[in-house]
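Undergrad: this one's structure only:
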């Protein structure tokens, strides 16, 4: 199945990136992408998202330090398939991308809104494609100690940190992870019934 649409092209091009150039670019580009993200659908049209853009270098270093403290515990407890996958990917508790990237977008959700988490993640999807359209690489990074990270950003108690999105120009070129075929992930009328194409 081929898709020549702009959205299809962006979705197929986008990769999760962990190596960024330090080059600063206009904050206006990030704000344009957030302006697109806010167009996502949400439960009861509550629009429960809030985006905190971090550009201050000292603040990014503090975020990295707190995240890495949480990651050390996470990695020391990783076992079995997860530990093997992390090893094969070369991933460690070190999160250099948090201090090397020009911007980090922290995405919060208002906990009291209906379908808050689902709504916020729809907006995240819009945001990722908007960044990709502008040639800005990104990563959805969920620290294991989100509450500690959120405290640094002075969040209100009725909000929850969903994800940190480092955003910048890619340093080097990372291969895109393979995707499953459509017939592996889609069924007709009920789960497991093949769709004839």
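TA: Thanks, I have it. Just so you know, these numbers come straight off a predicted model, no measurement behind them. Residues are numbered from 1 along each chain as shown.

Undergrad: Spatially central residue for the chain, please.
TA: Centroid check for the chain by C-alpha atoms, centre = their mean gives residue 140 as the closest residue, at 1.9 Å.

Undergrad: Which SSE is immediately downstream of the lengthiest helix in the chain?
TA: Counting by DSSP state H, the longest helix found in the chain is helix 57-77. Towards the C-terminus, the helix or strand next in line after helix 57-77, according to DSSP states H and E, is helix 80-89.

Undergrad: Give me the secondary structure label for the nearest residue to residue 134 once chain neighbours are set aside.
TA: Spatial nearest neighbour of residue 134, chain neighbours left out: residue 29 (5.6 Å); criterion: C-beta to C-beta, 6 or more residues apart in numbering. For the C-beta atoms, the positions are set from N, CA and C on the backbone; glycine is no exception. What DSSP: H, G, I helix; E, B strand; the rest coil gives for residue 29 is helix.

Undergrad: Residue 29: how many residues sit nearby?
TA: 15 (other C-beta atoms under 10 Å).

Undergrad: Quick check, it in contact with residue 135.
TA: No: checked against C-beta atoms under 8 Å, the pair residue 29 and residue 135 is beyond contact range at 9.3 Å.

Undergrad: on that earlier part again, got a list of contacts for the longest helix of the chain?
TA: 54, 86, 92-96, 98-99, 101, 104, 141, 143-145, 148-149, 152, 164 (C-beta atoms under 8 Å, 6 or more residues apart in numbering).

Undergrad: buried subset of those residues?
TA: Neighbour counting with 16 or more other C-beta atoms under 10 Å marks 54, 93, 95, 98-99, 101, 104, 141, 143-145, 149, 152, 164 as buried within these.

Undergrad: Helices - which of those residues land there?
TA: The helices, defined by DSSP H, take in 98, 99, 149, 152 from these.
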